[in-house]
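Novice: just the structure for this:
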Amino acid sequence: MLVVVVLFATVLLRAGIVLTFVYLILPTKRVCPLCGAQLVLIQHSVLRRLVPVVEHRWCLECGWSGIVRQAQSRVINRAARS
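Specialist: Next comes the predicted model:
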């Protein structure tokens, strides 16, 4: 039983490390990484509830779509309100 617990803990630790690394490499700027134009927020109620620290953004100029990190001020303001 102890072996199962240790193996499960290593799997959870590995998943945590991977998720942290992926979050840190997400862009934080509100400009498109391809063309430099402003990105428009696409609101997803499910994504906002499951992972509130990321946003889905879309570029009107070139059509790039992707996930970006929220600005620190929005995360801090949301935490202060709750």
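Novice: what's the first helix or strand after the strand or helix carrying Glu55?
Specialist: Per DSSP states H and E: Glu55 is located in strand 54-59. The helix or strand immediately downstream of strand 54-59 is strand 65-69, counting by DSSP H and E.
Novice: list the buried residues in that next one.
Specialist: Buried residues in strand 65-69, counted by 16 or more other C-beta atoms under 10 Å: Gly66, Val68, Arg69. C-betas here are computed from N, CA, C, even on glycine.
Novice: on that earlier part again, give me the sheet partners of the strand holding Glu55 and which way each runs.
Specialist: Here strand 54-59 is paired, per DSSP bridges, with strand 39-42 (antiparallel), strand 65-69 (antiparallel).
Novice: which elements pack onto the helix ranked longest in the chain?
Specialist: Using DSSP state H, we find that the single longest helix of the chain is helix 2-25. If you count contacts as 3 or more C-beta pairs under 8 Å, 6 or more residues apart in numbering; DSSP states H and E, helix 2-25 packs onto no helix or strand.
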